[in-house]
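Trainee: After the sequence you'll find the predicted model.
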Amino acid sequence: MATTTENKLSSRVNNMAESATLLMSKLARELRGEGHDVISLSLGEPDFDTPDHIKAFAKKALDEGYTKYTPVPGLPELSEAIVTKFKRDNNLDYSMDEIVVSNGAKQSIFNICMALLDPGDEVAVLTPFWVSYSAIIKLAGGIPVYVSAGIEDDFKVDAAQLKAAINEKTKFVIFSSPCNPTGSVYTKEELSEISKVILEFPQLLVVSDEIYEFINFTEAHASIGALPGMKERTITVNGFAKGFAMTGWRLGYMGAPVWVAKACAKIQGQVTSGANAFSQKAGADALLADLAPTHQMKEAFAKRRELLIGLLNEIPGFKVNFPKGAFYIFPDISHFIGKDLNNGVHFKNDVEFALHILRQAHVAVVAGSAFGAPGCIRISYAASEETLTEAVRRIKAYLASLV
Ligand code: PMP
Ligand code: GLU
């Protein structure tokens, strides 16, 4: 029963789901605190430390006095570096006033939702989706409309499906590519088809979350905003957390039409102000420096992907997708759901499956329903090859004991 104190909370927060990714890593930490040897593959966080040259940039920035408030939309040095990066890597022509730097890409997405959504407005969410999209959309009063694809479609939605989900209330479409949680990558051709649908609706924008841009194992990264007619319709979100292993630095950014950028800066100006000054300076230097360390991390992720796919394919009942980017695998485990198994075990759904795997096999993964895909689980392979091998050994042994 809710306590009196809880009853005083707003319906806004009472109705909000806790982040499932953060919740699973909290449960893993708690179990570890009880003395269990728990492997956490639940959090999307590179296990690599931030490259040394970027740490050196931050130390230098501190010594040079980057310790004050910055302009709300970003330190000019960083906005300029982002303009250069967008041109260099994405063929996107943004100007400085179209850039807003935030405390992580999560805040960028929050700013966008707060800036664009009135109560009742709809957002087409390509599903499986990153867990916080739906929570933030709802927080802003919007209604997420899930447009889903399963493992048989490589978890990618096509243009016709998207079109069927759009109406005059749809403010924007949101997706990530490379995708969290599936690792799927939309090709330029697929994005082109999606862009044609967006251009059919004069009010419609697209939020393209490209935070895994640098962790792409096959196709060149394609940005929907660079396609014909799309620049004014696209908000391109990116950040430093994944490609530069800078999760704790809290640095993300967007390129957006000026009217959106201005509104996002206005919100941020009342809520958090500009992002951390020396993180921003180091981020600017990191974007313009040699990207070799970023590419090395990608190579390590690519090796782990091979290893993990091979190991997971050996678990009877697991249907494994073949991700092309990010550092997640999203197996379909529906084979195990709704069946009476040994020892009185009966998984009602993927959430129970993930909780049992945590409690019995001591491996933390995230249930697919948090990403709009019940029947799947997300495994993050931002962990060493030894850790991944041991994690799969445990899951396999536990599941074998149930059949
Ligand atoms: N978008 C996606 C798809 C993510 O996986 C993450 C990871 N947390 C974010 C946005 C937020 O990133 P940041 O840490 O920069 O807030
Ligand atoms: N994006 C990461 C994940 O999906 C980090 C956790 C979070 O910010 O929710 O696990």
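Mentor: Yep, that arrived. Ligands and ions are numbered 1, 2, ... in the order given.
Trainee: okay, which residue of the chain is out on the far edge from center?
Mentor: Relative to the C-alpha centroid of the chain, counting by Cα atoms, centre = their mean, N343 is the outermost residue, at 36.6 Å.
Trainee: right, and that residue touches S401 too?
Mentor: Yes. Using Cβ atoms under 8 Å, N343 and S401 qualify as a contacting pair, with a distance of 7.3 Å. Heads up, the C-betas are built off the backbone N, CA and C, glycines and all.
Trainee: ok, K231 - contacts?
Mentor: Counting by Cβ atoms under 8 Å, 6 or more residues apart in numbering, K231 touches L92, D93, G225, P257.
Trainee: Pop out the phi and psi values for it.
Mentor: When read as degrees, to the nearest 10, the backbone of K231 gives phi -60, psi -50.
Trainee: State the distance from it to N91.
Mentor: Counting by Cβ to Cβ, to the nearest Å, the gap from K231 to N91 is 10 Å.
Trainee: now E64
Mentor: With distances defined as Cβ to Cβ, the gap from E64 to N91 amounts to 33 Å.
Trainee: Then A282?
Mentor: Counting by Cβ to Cβ, the gap between A282 and N91 amounts to 26 Å.
Trainee: ok, now V366?
Mentor: 34 Å.
Trainee: okay, the two: which has more neighbours?
Mentor: Shown here are V366 and N91; by other Cβ atoms under 10 Å, V366 has more neighbours (30 against 12).
Trainee: Report the beta-bridge partner residues of the more buried one.
Mentor: When bridges are called by DSSP bridges, V366 pairs up with R378.
Trainee: That one and T21 touch, don't they?
Mentor: Yes. V366 sits in contact with T21 when judged by Cβ under 8 Å, with a separation of 5.6 Å.
Trainee: what does the stretch 51-200 of the chain have sitting close to ligand 1?
Mentor: The stretch 51-200 of the chain comes close to ligand 1 at residues G104, A105, K106, W130, S176, N180, as judged by Cβ under 6 Å from any ligand atom.
Trainee: mind redoing it with 8 Å?
Mentor: N103, G104, A105, K106, Q107, S108, I109, W130, S132, S176, C179, N180 (Cβ under 8 Å from any ligand atom).
Trainee: ok, and which of those reach ligand 2?
Mentor: The overlap between these and the neighbourhood of ligand 2 (criterion: Cβ under 8 Å from any ligand atom) consists of G104, K106, W130, S132, N180.
Trainee: CA atoms only: put stretch 382-397 into CSV for me.
Mentor: Extracted in CSV, the C-alpha atoms of stretch 382-397 (Å, rounded to 0.1, in the frame of the first residue of the first chain):
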residue,chain,number,x,y,z
ALA,A,382,30.3,-4.1,-22.8
ALA,A,383,32.3,-6.7,-20.7
SER,A,384,35.4,-8.7,-21.1
GLU,A,385,35.4,-11.9,-23.2
GLU,A,386,36.1,-14.0,-20.0
THR,A,387,33.1,-12.4,-18.3
LEU,A,388,30.8,-13.0,-21.3
THR,A,389,31.9,-16.6,-21.6
GLU,A,390,31.2,-17.2,-17.9
ALA,A,391,27.9,-15.4,-18.0
VAL,A,392,26.6,-17.6,-20.9
ARG,A,393,27.9,-20.7,-19.1
ARG,A,394,25.8,-19.8,-16.1
ILE,A,395,22.7,-19.0,-18.1
LYS,A,396,23.0,-22.1,-20.1
ALA,A,397,23.5,-24.4,-17.1
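Trainee: Next, the buried residues of that stretch.
Mentor: By 16 or more other Cβ atoms under 10 Å, the buried positions in stretch 382-397 come out as A382, A383, T387, L388, E390, A391, V392, R394, I395, K396.
Trainee: Tell me which of those fall in strands.
Mentor: Among those, none falls in strands (DSSP state E).
Trainee: CSV for those residues, including pLDDT and distance to K156?
Mentor: Output for the buried residues of stretch 382-397, formatted as CSV (pLDDT from 0 to 100; distance: Cβ to Cβ, whole Å):
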residue, pLDDT, distance to K156
A382, 96, 23
A383, 96, 26
T387, 97, 29
L388, 98, 25
E390, 98, 32
A391, 98, 27
V392, 98, 26
R394, 98, 31
I395, 98, 26
K396, 98, 29
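Trainee: Could you list the low-pLDDT ranges of the stretch 51-200 of the chain?
Mentor: Within the stretch 51-200 of the chain, the set of residues satisfying pLDDT under 70 is empty.
Trainee: er, the stretch 301-403 of the chain I mean
Mentor: Scanning the stretch 301-403 of the chain residue by residue, none of them satisfies pLDDT under 70.
Trainee: what about the helices in it?
Mentor: With helices called from DSSP state H, counting those that start in this stretch, the stretch 301-403 of the chain shows them at 350-356, 385-400.
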